[in-house]
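Asker: turn this into a model:
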Amino acid sequence: MDYVLTIFLGYLIGSIPFSYIVPKLVDIDIRKVGSGNVGGTNVMRKMGGVIGFTTMFMDGFKSFIPMLIGRAFFKWDIYLAMLFGFAVCIGHIFPLFLKFKGGKGVACTIGTFTAINGLFLPIFLVFWFTITILTKYVSVASLVSLAVITTLAFEEFGFIAGLLFLSFLILNVVMHRTNIDRLLHDKENKTNLIEAFKKFGNKEN
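Answerer: This next block holds a predicted model:
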């Protein structure tokens with residue numbers, strides 16, 4: 001029963017669409033601009049780096065904060081905690097409140113990983129920022145950075161727990177399949193982080 005309730009709660013929390021709610025506060029429907037994806041990257045491209053990263057961190061907190069509470073007060077082990085985190089990712093990707101059309105789950109994934117080991121966030125960000133600045137491809141930066149964390153997880157937590165991290169990576173690869181296809185055909189959208197942080201609340205499509 002604990003596992004069923006954990007999955008249900010995680011899915012409901014994951015379904016809270018911060019990347020939709022924040023732009024909507026200034027009358028922008030993020031589903032109708034840019035790529036149409038309800039995720040932090042699309043928000044960043046359209047509204048600037050500050051707002052984009054705000055929504056990314058809020059999406060990450062959906063898994064991070066409840067997992068900290070669960071581990072501290074309800075004695076969740078790593079398996080139950082990551083099950084919750086996976087359910088949050090599924091809720092984010094297929095949100096109940098947006099007709100099951102959400103983001104791709106990167107922020108929720110790194111929120112989950114960070115709740116297991118706080119060092120994973122700075123490691124992720126170093127790789128993510130470096131790769132994004134050098135290539136301008138957020139999708140590449142996200143997947144490579146998650147792959148680095150997954151590799152470290154195998155070394156730190158062992159094979160079985162490492163498989164849990166791997167399941168998140170596989171989920172993210174699947175959700176980025178169209179990005180991968182565009183990369184292979186040199187059609188992937190680029191993001192200039194420096195320019196993004198110069199923009200704040202720009203409503204242009």
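Asker: thought Thr6 was touching Met82?
Answerer: No - Thr6 is beyond contact range of Met82, at 10.3 Å (criterion: Cβ atoms under 8 Å). (Glycine included, C-beta is placed from N, CA and C.)
Asker: assign a three-state SS to Thr112, would you?
Answerer: helix (DSSP: H, G, I helix; E, B strand; the rest coil).
Asker: quick one, grab the pLDDT at it.
Answerer: As predicted, Thr112 sits at a pLDDT of 98.
Asker: without its sequence neighbours, what residue ends up closest to it?
Answerer: Gly85 (3.0 Å; Cβ to Cβ, 6 or more residues apart in numbering).
Asker: okay, and the one you found sits in which element?
Answerer: helix 78-93 (DSSP states H and E).
Asker: just the CA coordinates for the least confident helix or strand in the chain by mean pLDDT, please, in CSV.
Answerer: Of all helical and strand segments in the chain, the minimum by mean pLDDT, DSSP states H and E falls on helix 193-198, at a mean of 88. Taking C-alpha atoms only, helix 193-198 is exported to CSV below (Å, rounded to 0.1, in the frame of the first residue of the first chain):
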residue,chain,number,x,y,z
LEU,A,193,22.4,31.2,-22.7
ILE,A,194,24.0,34.7,-22.6
GLU,A,195,21.3,36.2,-24.8
ALA,A,196,18.6,34.3,-22.8
PHE,A,197,19.8,36.0,-19.6
LYS,A,198,19.6,39.4,-21.3
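Asker: run the chain-centre distance for stretch 135-155.
Answerer: For stretch 135-155, the separation from the chain centroid amounts to 12 Å (computed by Cα atoms, centre = their mean, to the nearest Å).
Asker: contacts for it, please.
Answerer: By Cβ atoms under 8 Å, 6 or more residues apart in numbering, the residues outside stretch 135-155 that reach it are 41, 106, 109-110, 113, 116-117, 120, 123-124, 127-132, 161-162, 165-166, 168-169, 172-173, 176, 179-180, 183, 188, 190-193.
Asker: mind pulling up the pLDDT for the closest residue to Leu96 other than its chain neighbours?
Answerer: Counting by Cβ to Cβ, 6+ apart, Leu96 lies nearest to Ser15, which is 4.3 Å off, once chain neighbours are set aside. On the pLDDT scale, Ser15 is placed at 97.
Asker: tell me, how many neighbours does Ser15 end up with?
Answerer: 20 (other Cβ atoms under 10 Å).
Asker: and Ala72, by the same measure?
Answerer: Using other Cβ under 10 Å, Ala72 has 9 neighbouring residues.
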